[in-house]
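Asks: Could you look at this predicted model? Sequence included:
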Amino acid sequence: MHVVLAGGGTAGHIEPALALADALRRADPTVGITALGTERGLETRLVPERGYDLALIPAVPLPRKPTPELITVPGRLRGTIKAAEQILERTKADCVVGFGGYVALPGYLAAKRLGVPIVVHEANARPGLANKIGSRYAAQVAVSTPDSKLRDARYIGIPLRRSIATLDRAAVRPEARAAFGLDPSLPTLLVSGGSQGARHLNEVIERVAPYLQQAGIQVLHAVGPKNELPQVHQMPGMPPYIPVPYVDRMDLAYAAADMMLCRAGAMTVAELSAVGLPAAYVPLPIGNGEQRLNAQPVVKAGGGLLVDDAELTPEWVQRHVLPVLADPHRLYEMSRAASEFGRRDADDLLVGMVYEAIASRNR
């Protein structure tokens, strides 16, 4: 069996694809896996690092919304669809699994031409153009939220890295807090805005950190690799405020934390829900509003807070985040609500859908 994965560009597309690849290999160590990508995407680094084959096709960026530019897409896609077809023929692909983005659409259209079954996975609550088109031809459609608008879709969650999907936060907490130099017993706020969305979160947390420390809260702050580390003067006897450029072991960061202040990307929401970590979600004020939609179900379930970027201030953190961190019972209830919403088995469920799609072709 050979499966071609189409989900390049951003980590939000690539990480679920790689989690599926790992799950496919667990189910059948002999399965062949090829990831489609372009020269400009993160897949050029992430896919080889995980030990999977990467096949490059020309990049044809897609407009996020219907615009006059949309009518030029078919012409620009011809060459990249042909390149994708050649990869499917060379690998003798049994299935194409797409995760959205501009790598996915040529993969879908090439698969349709060759009669290769298609499986679509949509991570965001508001589907993108590629997956809207791909879902029309798909044998199976999987979505990350019960509120998805894609027709005939199965709600499975997002395939996650095993280090996250199998994380026992309570069991790992002593090791995690020691790894970051945190106090083993104090309430802990984890802060990260990723790469694009970190600046405003950084500004707010740097200003409010002294007030959190005075209230007995310690802070682990991933400022983002492109941002300057704040100057910290630790006061004797005060809880630590620990800024770091980035965290390469998010499983340890999640285990160390009692709550997180973060953006609301689909992967972030899925990971925090799966491990039962409450969060104050601050949707990025760009795009088509999908980050707010990503966070709304878990917030509605009681597993988090939601605040607009313009409303996030040091005062808001003091009024809304600090009381949660200071209340062990509320933290417990929010953690339980988040974990009940979370899905840890999406990778294995998606493997089952791949097998179903292949079987439907052979019937």
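Replies: Yep, that arrived.

Asks: what helices or strands is the one helix or strand in the chain whose mean pLDDT sits lowest leaning on?
Replies: Taking mean pLDDT, DSSP states H and E as the measure, helix 73-91 is the helix or strand of the chain with the lowest mean score, a mean of 88. Contact here means 3 or more CB pairs under 8 Å, 6 or more residues apart in numbering; DSSP states H and E; on that basis helix 73-91 packs against strand 2-6, strand 32-37, helix 104-114. (Glycine included, C-beta is placed from N, CA and C.)

Asks: May I have the strands that pair with the shortest one, each with its orientation?
Replies: Pointing back at strand 2-6 there. Applying DSSP bridges to the sheet, strand 2-6 is found paired with strand 32-37 (parallel), strand 95-98 (parallel).

Asks: Keeping just the C-alphas, turn the last one into CSV.
Replies: So the one you mean is strand 95-98. What follows is strand 95-98, C-alpha atoms only, in CSV (Å, rounded to 0.1, in the frame of the first residue of the first chain):
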residue,chain,number,x,y,z
CYS,A,95,-5.0,6.9,-1.7
VAL,A,96,-4.4,10.7,-1.5
VAL,A,97,-5.0,12.2,1.9
GLY,A,98,-5.2,16.0,1.9
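
Asks: For it, the averaged confidence score.
Replies: Averaging pLDDT along strand 95-98 gives 98.

Asks: Which residue, other than its chain neighbours, is closest to the residue sitting nearest the centre point of the chain?
Replies: Closest residue to the average C-alpha location of the chain: Met267 at 1.6 Å, with CA atoms, centre = their mean. Nearest-residue entry for Met267: Gly12, 5.3 Å, with adjacent residues in sequence omitted and distances by CB to CB, 6 or more residues apart in numbering.

Asks: did I read that right, the one you found in a strand?
Replies: No - if the criterion is DSSP: H, G, I helix; E, B strand; the rest coil, then Gly12 is helix and not within a strand.

Asks: Model confidence at it, what's the number?
Replies: Model confidence at Gly12 (pLDDT) stands at 83.

Asks: Am I right that it is in contact with Ala123?
Replies: Yes - Gly12 is within contact range of Ala123, at 6.1 Å (criterion: CB atoms under 8 Å).

Asks: can you list residues touching both of those two?
Replies: 266-267 (CB atoms under 8 Å, 6 or more residues apart in numbering).

Asks: More neighbours: those two, which one.
Replies: Applying other CB atoms under 10 Å to Gly12 and Ala123 shows that Ala123 carries more neighbours, namely 30 against 21.

Asks: what bits of the stretch 51-200 of the chain have low per-residue confidence?
Replies: 61-75, 196 (pLDDT under 70).

Asks: change it to 80
Replies: Within the stretch 51-200 of the chain, the segments meeting pLDDT under 80 span 60-76, 147, 194-197.

Asks: residue ranges for the strands of it, please.
Replies: 53-56, 95-98, 118-122, 140-143, 154-155, 188-192 (DSSP state E, counting those that start in this stretch).

Asks: most tightly surrounded among the ones you listed?
Replies: With neighbours taken as mean count of other CB atoms under 10 Å, the strands of the stretch 51-200 of the chain reach their highest mean count in strand 95-98, at a mean of 30.

Asks: Report the distance from that one to the chain centre.
Replies: 19 Å (CA atoms, centre = their mean, to the nearest Å).

Asks: Ok, stretch 147-160 next?
Replies: Taking mean C-alpha positions (CA atoms, centre = their mean), stretch 147-160 and its chain are 14 Å apart.

Asks: Stretch 105-121 now?
Replies: 23 Å.

Asks: ok, which stretches of the stretch 201-350 of the chain are helices?
Replies: Ranges of helices in the stretch 201-350 of the chain, per DSSP state H, counting those that start in this stretch, are 250-256, 266-275, 290-300, 314-316, 322-325, 328-341, 346-362.

Asks: what helices or strands is the third one leaning on?
Replies: By that I understand helix 290-300. Counting by 3+ CB pairs under 8 Å, 6+ apart, the packing neighbours recorded for helix 290-300 are helix 266-275, strand 279-281, strand 304-306, helix 328-341.

Asks: Can you check which of the ones you listed gets nearest to Tyr108?
Replies: helix 266-275 (19.5 Å; CB to CB).

Asks: Quick one: work out the angle between that closest one and helix 346-362.
Replies: Interaxial angle, helix 266-275 versus helix 346-362 (axes from the mean of the first three to the mean of the last three CA atoms, to 10 degrees): 110 degrees.

Asks: Renumber starting at 57 from here on
Replies: Happy to do that; since the first residue is 57 now, the last one works out to helix 322-331.

Asks: Distance from the chain centre to helix 322-331, please.
Replies: Distance, centroid of helix 322-331 to centroid of chain: 7 Å (CA atoms, centre = their mean).

Asks: Would you mind giving the orientation angle of that helix with respect to helix 346-356?
Replies: Angle of helix 322-331 versus helix 346-356, following the same axes, to 10 degrees, is 20 degrees.
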